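Asks: build me a model from this:
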Amino acid sequence: MYQKRWFQTLTLFILIFLLILLISVTDFVFTPILKYIGAVAVPIIGAGILFYLTKPVMHFLERFKINRVVAILLVFLLLILIAFFVILYLSPILQRQFSNLMANVPSMIRGVENFINYWQANQIVIPEEVNNAISDFTNNLQTYLENFISHLFGFIGQLISIIASIVLIPFFLFFMLKDGEKLVPYITQIFEKKKADNIRTLLQKIDEVLTAFIQGQLIVSFCVGVLLLIGYAIIDLNYALTLALFGLVMNVVPFIGPFIAVAPAIIVGAFQDPMMIIWVSLIMIAAQQVESNFISPNVMGKVLDIHPLTIITVILAGGSIAGFLGILFAVPFYAVIKTIIGHFYQTYIASKEQKNDALI
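Replies: All right, here's what the predicted structure looks like:
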């Protein structure tokens, strides 16, 4: 019985649940570790994203016999120039458009209230319960807005602490670029050659998945943002740059990001001209068609190979567990876990075939 697959699987699950129970009972041991991880998570994640974005640039410079440290300094110089360009040229436009948008929010709210009041006064088929719900929402619209603003200030407070952690990102990034290739040999040195080769292959697969996702998703989001900006400029949509930048950021979130990205543009377009709703929707559909048919297949390829339904499920689970950060990192986390499980399964199948060949 001990050699039966079902018994071994059942034993594995029992051991896993016992391990989870032991961790929950001794959580006081892990609390300081989790706090430490939380303190360094922002600079590590930020530096990791920049690492995958800037690593190709560093390797490109090294092809010209440039010393690695000098190449890293040139990469930092490039990042500074990009930041300087954004602050000098784009930031004033964004600030002006965002200020105008915030100034017009009260008039938009009044427009919604007037529309709802007119609609209620000229209809007779809506149940009284629905009318009461609409009236309650209309009467408390200002309260909802104030609550949203208070939550926004709370988010700003968290954002300030995050910005403090961002200061550490350049230091982490420097050493990741300088010594990143030493990580795999350092991890595999304690294993025998066969296991070391297996672990090296696994880490290479994880690196390929993260590279494909981070580089691909950001390149795709940038292209979609540019397409949205061009489209919004053609139809003369108000706050075009701000809305296109919002679309660029939201497209970082897989699958559901485009739906979130188009919502503010549709609302702004509706107040500018009702026909703008159709034009904005067409622009978003066109941008997504270009992205899904031309940009994503060539940038990301088939490395991730995750079904859309799985993406939705993973994003919902990540959002319920860790909020927006969970939504943002759920898909790459799932892709890494899938890669690890797939690798060990392939290793198991290969070893089993080798044993069968040996018996033959």
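Asks: go ahead and confirm residue 166 touches residue 43.
Replies: Yes. Between residue 166 and residue 43 there is a contact at 7.1 Å, judged by C-beta atoms under 8 Å. Quick note: C-beta positions are derived from backbone N, CA and C, even for glycine.
Asks: neighbour count: those two, which is higher?
Replies: Using other C-beta atoms under 10 Å as the criterion, residue 166 and residue 43 rank with residue 43 on top: 20 against 14.
Asks: so which helix or strand takes in the more buried one?
Replies: Element membership of residue 43, judged by DSSP states H and E, is helix 27-62.
Asks: please apply the same query to residue 64.
Replies: Judged by DSSP H and E, residue 64 forms part of no helix or strand.
Asks: what separates it from residue 71, distance-wise?
Replies: Noted for residue 64: a distance of 9 Å to residue 71, by C-beta to C-beta, to the nearest Å.
Asks: the two: who's more crowded?
Replies: Taking neighbours as other C-beta under 10 Å, residue 64 and residue 71 compare with residue 71 leading, 21 against 7.
Asks: now do the SS call for that one.
Replies: helix (DSSP: H, G, I helix; E, B strand; the rest coil).
Asks: so it sits against residue 62, correct?
Replies: Yes. Counting by C-beta under 8 Å, residue 71 does reach residue 62; the two are 5.5 Å apart.
Asks: tell me the pLDDT of residue 49.
Replies: Model confidence at residue 49, expressed as pLDDT, equals 87.
Asks: and what about the closest residue to it other than its chain neighbours, helix, strand or coil?
Replies: Leaving aside its chain neighbours, residue 49 sits nearest to residue 214 (5.7 Å; criterion: C-beta to C-beta, 6 or more residues apart in numbering). When classified by three-state DSSP, residue 214 comes out as helix.
Asks: and the gap between residue 214 and residue 332?
Replies: 7 Å.
Asks: how's the protein carved up into domains?
Replies: 1-189, 191-360 (automatic domain parsing).
Asks: ranking those by burial, who's on top?
Replies: Counting by mean count of other C-beta atoms under 10 Å, domain 191-360 has the highest mean neighbour count of these, with a mean of 16.
Asks: roughly how far is that domain from the heart of the chain?
Replies: When distances are taken as C-alpha atoms, centre = their mean, to the nearest Å, domain 191-360 is centred 8 Å away from the chain's centroid.
Asks: can you start the count at 45 instead of 1 from here on
Replies: From this message on, residue numbering opens at 45, which makes the last subject domain 235-404.
Asks: need the contact partners of stretch 224-241.
Replies: Residues outside stretch 224-241 that contact it (C-beta atoms under 8 Å, 6 or more residues apart in numbering): 95, 99, 243, 244, 247, 248.
Asks: which residue ranges of the stretch 295-404 of the chain form helices?
Replies: Ranges of helices in the stretch 295-404 of the chain, per DSSP state H, counting those that start in this stretch, are 301-316, 319-334, 340-343, 352-403.
Asks: for the ones you listed, which one sits closest to residue 146?
Replies: Residue 146 lies closest, by C-beta to C-beta, to one member of those: helix 301-316, at 12.1 Å.
Asks: average pLDDT across that closest one?
Replies: pLDDT averaged over helix 301-316 gives 81.
Asks: just the C-alpha atoms of that helix, please, in CSV.
Replies: In CSV, the C-alpha atoms belonging to helix 301-316 read as follows (Å, rounded to 0.1, in the frame of the first residue of the first chain):
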residue,chain,number,x,y,z
GLY,A,301,-6.9,46.5,-17.8
PRO,A,302,-8.3,47.7,-21.2
PHE,A,303,-11.9,47.8,-19.8
ILE,A,304,-10.7,49.9,-16.8
ALA,A,305,-8.7,52.1,-19.1
VAL,A,306,-11.6,53.1,-21.4
ALA,A,307,-14.1,54.0,-18.6
PRO,A,308,-12.8,57.5,-17.7
ALA,A,309,-12.5,58.3,-21.4
ILE,A,310,-16.1,57.3,-22.1
ILE,A,311,-17.3,59.4,-19.1
VAL,A,312,-15.3,62.5,-20.2
GLY,A,313,-16.5,62.0,-23.8
ALA,A,314,-20.1,61.7,-22.8
PHE,A,315,-20.0,65.1,-21.1
GLN,A,316,-18.1,66.6,-24.1
